[in-house]
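Coordinates for the following, if possible.
(one chain, ligands or ions: 1)
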Amino acid sequence: MSEFSENESRDRSRRDFLKVSAGATALTAAALESGLAQAVKAAEELPTVTLGKTGAKTTALGMGTSWSLAPSFVLAALKSGVRYIDTSENYENTLAEKVLGEVLERSGMRKDVYLVTKNGRAKVGGPGAFAAFEKRLEGSLERLRTDYVDCYYLHGVEGREIPLLKDPDVKAAFEKLKKAGKIKFCGLSCHDRRLPEIVTAAAESGFIDQIMIQYNYRTMNNDQVRRAMDAASKANLALVAMKTQAGAGSFREVDASPRFQEFVDKGFKKEQAAIKTVLAEGRMQVVVSEMTNRDMLRENMAACLDPKLSHRDRELLEQHRLATSHLYCQGCGHHCEPAAGGAAVADILRFLRYDEVYGKTRTARALYQALPESTRNLASTDFAAAQAACPHKLPVVELIARANRRLG
Ligand code: SF4
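Numbers count the residues shown, from 1 in each chain. Have a look, this model is predicted:
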């Protein structure tokens, strides 16, 4: 079953979750109070890590928040010991920050959490950088009901934005915000096709303390990514992984062949193996996961509590990677985009994944429609050439057509 075509169980759990969360719109003080004592206890159980040169200590499992967050679920994650929260002004059009602010204020747990938010709407350089960053940050702080964030990111840095990482005004803007006590550290997130260049530029910038990048068992062995990560490790940046799942779907859903029966028999899910693979490598300090229900929370915690993979587990995961590489776009647009006249193939397929796999149709449509016309120049583009250039054999022609149908 294609990752792009269906993910019914995830959709079902999402629908179930939405039904539940729709009824749980208000956060009650009683629920918070009863959860607080358990929260402090559970925090001792998840493994803690040191975030590179920041020296900050937090949990290896972080909570992603780019979905319709339910206050009760945020509290459940805190109760379970999660102490790293990643958000952005972009998520749910600022609603994620508002929900987090409410929970953190009423639970009194703001200082227990390493909190990251992002500037996604004013990534500007030059003399106007400070005013723009400060204005965006002030809005985030107000919604988050706090007077500082632990790390403030440039959200989703793209290849064309690399000059920002070399811009003295951007550096000065971040430093001024640090001095004012409004941010502790500076960072960026990235899943752009030019990720290796962006990571290298961050390592050389002298002011980026932390990065969050797409990193998973499909992409982590890419030579360019490895070299860039070596530079980031040498600069002692705090390293945070996102998109560790490399596409949804359990072993059974994606490949029902008997070779995965071993995993299935011992209740080992691909989702857990994917997290373990990233953590076992030892480079990434935190895995940020979009957990949208309590089962996922429990499974991710189990993976972080025991990140070891046996030799046999690794073999099975590698077989799975090879058998399913045509189902997951790795974002390596340098292979296919020149053949497609510069069309944004990697971005378009990522947005299709947001829609079909993660159920984020509204976000996917907005992102797709915001692409410059010249980069989603579908009518006059020969995507057959892009398909032929894809080393992972993705059915690019069919996927682009589907993206246009669903998101255009
Ligand atoms: S379609 Fe293929 S070559 Fe293009 S970005 Fe995706 S995986 Fe890479």
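
Quick check: the gap between residue 128 and residue 274.
The gap separating residue 128 from residue 274 is 41 Å, by Cβ to Cβ, to the nearest Å. Backbone N, C-alpha and C define where each C-beta goes, glycine included.

neighbour count winner among the two?
Neighbour count, other Cβ atoms under 10 Å: between residue 128 and residue 274, residue 274 has more, with 24 against 12.

Going by secondary structure, the more buried one is in what exactly?
Here residue 274, judged by DSSP states H and E, is contained in helix 270-281.

Kindly report the same for residue 115.
strand 114-119.

Check residue 367 too.
Assigned by DSSP H and E, residue 367 falls in helix 361-370.

to the chain's geometric centre, what's the distance from that helix?
Chain-centre distance of helix 361-370: 17 Å, with Cα atoms, centre = their mean, to the nearest Å.

can you pull the buried residues of whichever helix or strand comes after it?
The C-terminal neighbour of helix 361-370 among helices and strands, as given by DSSP H and E, is helix 383-389. Across helix 383-389, burial judged by 16 or more other Cβ atoms under 10 Å covers 383, 386-387, 389.

does any bit of the next helix or strand after helix 383-389 sit next to the ligand?
Tracing the chain C-terminally past helix 383-389 and defining elements by DSSP H and E, one meets helix 396-407 next. Yes - counting by Cβ under 6 Å from any ligand atom, the ligand has neighbours in helix 396-407: residue 396.

what packs against helix 396-407?
helix 345-356, helix 361-370, helix 383-389 (3 or more Cβ pairs under 8 Å, 6 or more residues apart in numbering; DSSP states H and E).

What separation is there between the nearest residue to residue 144 once chain neighbours are set aside and the ligand?
Nearest residue to residue 144, sequence neighbours excluded (Cβ to Cβ, 6 or more residues apart in numbering): residue 101, at 4.3 Å. Separation of residue 101 from the ligand (Cβ to the nearest ligand atom, to the nearest Å): 37 Å.

Wait, residue 101 touches residue 147, no?
No - Residue 101 is beyond contact range of residue 147, at 11.7 Å (criterion: Cβ atoms under 8 Å).

Who has more neighbours out of these two?
More crowded of residue 101 and residue 147, by other Cβ under 10 Å: residue 101, with 20 against 11.

Pull out the buried residues from the helix or strand harbouring the more buried one.
Using DSSP H and E, the element containing residue 101 is helix 95-107. Buried residues in helix 95-107, counted by 16+ other Cβ under 10 Å: 96-104, 106-107.

Can you give me the domain boundaries for this structure?
Residue ranges for each domain of the chain read 8-322, 329-407, as given by automatic domain parsing.

need the least confident one among these, by mean pLDDT.
For the domains of the chain, mean pLDDT drops lowest on domain 8-322, to a mean of 84.

Quick one: distance of that domain to the chain centre.
On Cα atoms, centre = their mean, the centre of domain 8-322 falls 5 Å from that of its chain.

Then stretch 374-388?
Mean C-alpha position of stretch 374-388 versus that of the full chain (Cα atoms, centre = their mean) differs by 27 Å.

ends of it, how far apart?
22 Å (Cα to Cα, to the nearest Å).

Send me the helix holding residue 101 as PDB with only the CA atoms.
Provided in PDB are the C-alpha atoms of helix 95-107 (Å, rounded to 0.1, in the frame of the first residue of the first chain):
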ATOM      1  CA  LEU A  95      -3.400  28.500  17.900                       C
ATOM      2  CA  ALA A  96      -0.800  26.000  19.000                       C
ATOM      3  CA  GLU A  97       1.100  28.700  20.900                       C
ATOM      4  CA  LYS A  98      -2.200  29.800  22.500                       C
ATOM      5  CA  VAL A  99      -3.000  26.300  23.700                       C
ATOM      6  CA  LEU A 100       0.500  25.800  25.000                       C
ATOM      7  CA  GLY A 101       0.500  29.100  26.800                       C
ATOM      8  CA  GLU A 102      -2.800  28.200  28.600                       C
ATOM      9  CA  VAL A 103      -1.500  24.800  29.700                       C
ATOM     10  CA  LEU A 104       1.900  26.000  30.800                       C
ATOM     11  CA  GLU A 105       0.500  28.900  32.800                       C
ATOM     12  CA  ARG A 106      -2.200  27.000  34.500                       C
ATOM     13  CA  SER A 107       0.000  24.000  35.300                       C
END
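
what does that helix contact?
Residues from elsewhere that reach helix 95-107 (Cβ atoms under 8 Å, 6 or more residues apart in numbering): 27, 29, 32, 35-36, 39, 65-71, 74-75, 78, 85, 87-89, 91, 109-110, 113, 115, 117, 140, 143-146.

of those, list those near the ligand.
Contacts with the ligand are made by none of the contacts of helix 95-107, judged by Cβ under 6 Å from any ligand atom.

Only the buried subset of the residues you listed, as a ChimeraX command please.
The following ChimeraX line selects those of those that are buried, judged by 16+ other Cβ under 10 Å:
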select :27,32,35,36,39,65,66,67,68,69,70,71,74,75,78,85,87,88,89,91,109,110,113,115,117,140,143,144,145,146
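
follow-up on the earlier one: so which of the helices and strands packed on helix 396-407 is the most packed in?
By mean neighbour count, with neighbours taken as mean count of other Cβ atoms under 10 Å, helix 345-356 ranks first of those at a mean of 24.

What is that one packed up against?
helix 333-336, helix 361-370, helix 396-407.

tell me the angle it makes with helix 361-370.
Relative orientation of helix 345-356 versus helix 361-370 (axes from the mean of the first three to the mean of the last three Cα atoms, to 10 degrees): 160 degrees.

Taking helix 396-407 as reference, get the angle to helix 345-356.
Using the same axes, to 10 degrees: helix 345-356 against helix 396-407 is 50 degrees.

Just the CA coordinates for helix 345-356, please, in PDB.
Only the C-alpha atoms of helix 345-356 are listed here, as PDB (Å, rounded to 0.1, in the frame of the first residue of the first chain):
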ATOM      1  CA  VAL A 345       9.100  18.700  -7.000                       C
ATOM      2  CA  ALA A 346      10.500  18.000  -3.500                       C
ATOM      3  CA  ASP A 347       8.300  20.700  -1.900                       C
ATOM      4  CA  ILE A 348       5.200  19.600  -3.800                       C
ATOM      5  CA  LEU A 349       5.600  16.000  -2.700                       C
ATOM      6  CA  ARG A 350       6.300  17.100   0.900                       C
ATOM      7  CA  PHE A 351       3.000  19.000   0.900                       C
ATOM      8  CA  LEU A 352       1.200  16.000  -0.600                       C
ATOM      9  CA  ARG A 353       2.600  14.000   2.400                       C
ATOM     10  CA  TYR A 354       1.300  16.600   4.800                       C
ATOM     11  CA  ASP A 355      -2.100  16.100   3.200                       C
ATOM     12  CA  GLU A 356      -2.400  12.400   2.700                       C
END
